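Trainee: model this:
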Amino acid sequence: MSDISAYDKPDSLPHEAGFGDYVQLLKPRVMSLVVFTAFVGLMVAPVRLHPVESFAAILFIALGAGASGALNMWWDADIDAVMKRTRSRPVPSGRIPAGEAMMLGLALSFLSVMMLALATNIAAGLLLAFTIFFYAVIYTMGLKRWTPQNIVIGGAAGAFPPMIGWVAATGHVGIEAVLMFALIFMWTPPHFWALALFMKEDYHAAGVPMLTVTHGRKVTRAHILGYTLALVPVPVAAALTSIGGPLSLAVAGALNLWFVIGAVRIWRRDEEMAQADGYRVEKRFFAFSILYLFLQFGAFLADALLRPYGLGGW
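Mentor: Sure, this is the predicted structure:
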């Protein structure tokens, strides 16, 4: 963990933090994925909330995600300062003191959990609290610097949002929520390991035991293929439940096909090939993995919206 005092000295700040710095502290790109999947979980649930309740639920889930991001940036300021991809973040760059990031993260955690519980139900609030704890403590403070399985186990934190949305609407966990969780959980390793293939030096310099650092790129490529193949049945199973329909099933089939083809291409490449083209295939796979998740959850949402008109669902 970083030395907080080093970031708290006023004269170490290059300039006063602006609104954009605080937005960046909440990891808006990650938050967008959290908000979308949570919204889908809320909308595909069999219980409909009042629009005001739905808006409040998504708002407080987003705040919880932002709280997790702020706590992550507070704790990881030392390694973020080493990595090219993260060194410009508000805390390692000195624009926001680490202590301030920590206090903001804790305040948003308390606010989001309490307000979600009041706006929907206690179960949803408790699940959000556990998600924040899992990401900030179990993953960020523990797994990330301890084991090459960090992103496998830690992926659960990013998989909870659609389950939280479902529980906010229903008050309980159903098989559909479990499958949405499993979809993101199984998707996370190939998604992040593809990034790690072309960011290995950053992780090595920061001392993060990513699989590429501890076992090498060849092993990582094999793991990407293995987890991609294990992912294939999950969206198909979800599409066959009450949240799916012909559209979700067709999208799952097409996306899985493209994802597997991409994983096979990565698996068949060696380092000489990858370096020769600047890891072009790996970067494309990483970019497509983001699209994969948005399109699959978008299909679940479309089936839910079309169902009342007899055009979606089973």
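Trainee: which helix or strand lies directly C-terminal to the helix or strand containing residue 179?
Mentor: Residue 179 is located in helix 175-198, with elements delineated by DSSP states H and E. Later in the chain than helix 175-198, the nearest helix or strand by DSSP H and E is helix 200-206.
Trainee: all strands for this protein, in order.
Mentor: With DSSP state E, there are no strands along the chain.
Trainee: list the buried residues for stretch 289-308?
Mentor: 289, 292-293, 296-304, 307 (16 or more other Cβ atoms under 10 Å). C-beta coordinates here come from the backbone N, C-alpha and C atoms, glycine included.
Trainee: who are the packing partners of the longest helix along the chain?
Mentor: Taking DSSP state H as the criterion, the chain has its longest helix at helix 280-306. With contacts taken as 3 or more Cβ pairs under 8 Å, 6 or more residues apart in numbering; DSSP states H and E, helix 280-306 sits against helix 28-44, helix 175-198, helix 233-239, helix 246-268.
Trainee: pLDDT weak spots in the stretch 201-314 of the chain?
Mentor: Nowhere does the stretch 201-314 of the chain drop to pLDDT under 70.
Trainee: repeat for the stretch 1-150 of the chain
Mentor: Looking along the stretch 1-150 of the chain with the criterion set at pLDDT under 70, you get 1-15.
Trainee: what angle separates the longest helix of the chain from helix 28-44?
Mentor: Angle of helix 280-306 versus helix 28-44, following axes from the mean of the first three to the mean of the last three Cα atoms, to 10 degrees, is 30 degrees.
Trainee: tabulate the helices and strands packed on helix 280-306 (TSV), appending mean neighbour count and distance to residue 148.
Mentor: Formatted as TSV, the helices and strands packed on helix 280-306 follow (neighbours: other Cβ atoms under 10 Å; distance: least, Cβ to Cβ, whole Å):
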stretch	mean neighbour count	distance to residue 148
helix 28-44	21	22
helix 175-198	23	10
helix 233-239	21	23
helix 246-268	18	18
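Trainee: right, and those helices - which one's nearest residue 280?
Mentor: helix 175-198 (9.3 Å; Cβ to Cβ).
Trainee: and that closest one, what does it pack onto?
Mentor: Helix 175-198 packs on helix 28-44, helix 150-159, helix 161-170, helix 211-214, helix 217-231, helix 233-239, helix 246-268, helix 280-306, going by 3+ Cβ pairs under 8 Å, 6+ apart.
Trainee: now do the third one against helix 28-44, angle only.
Mentor: Put plainly, it is helix 161-170. 40 degrees.
Trainee: can you check the second one too?
Mentor: Angle of helix 150-159 versus helix 28-44, following the same axes, to 10 degrees, is 50 degrees.
Trainee: what packs against helix 150-159?
Mentor: helix 28-44, helix 175-198.
Trainee: who's the closest spatial neighbour of residue 235, skipping the chain neighbours?
Mentor: residue 252 (4.0 Å; Cβ to Cβ, 6 or more residues apart in numbering).
Trainee: ok, now which ones touch the one you found?
Mentor: 235-236, 238-239, 296, 299 (Cβ atoms under 8 Å, 6 or more residues apart in numbering).
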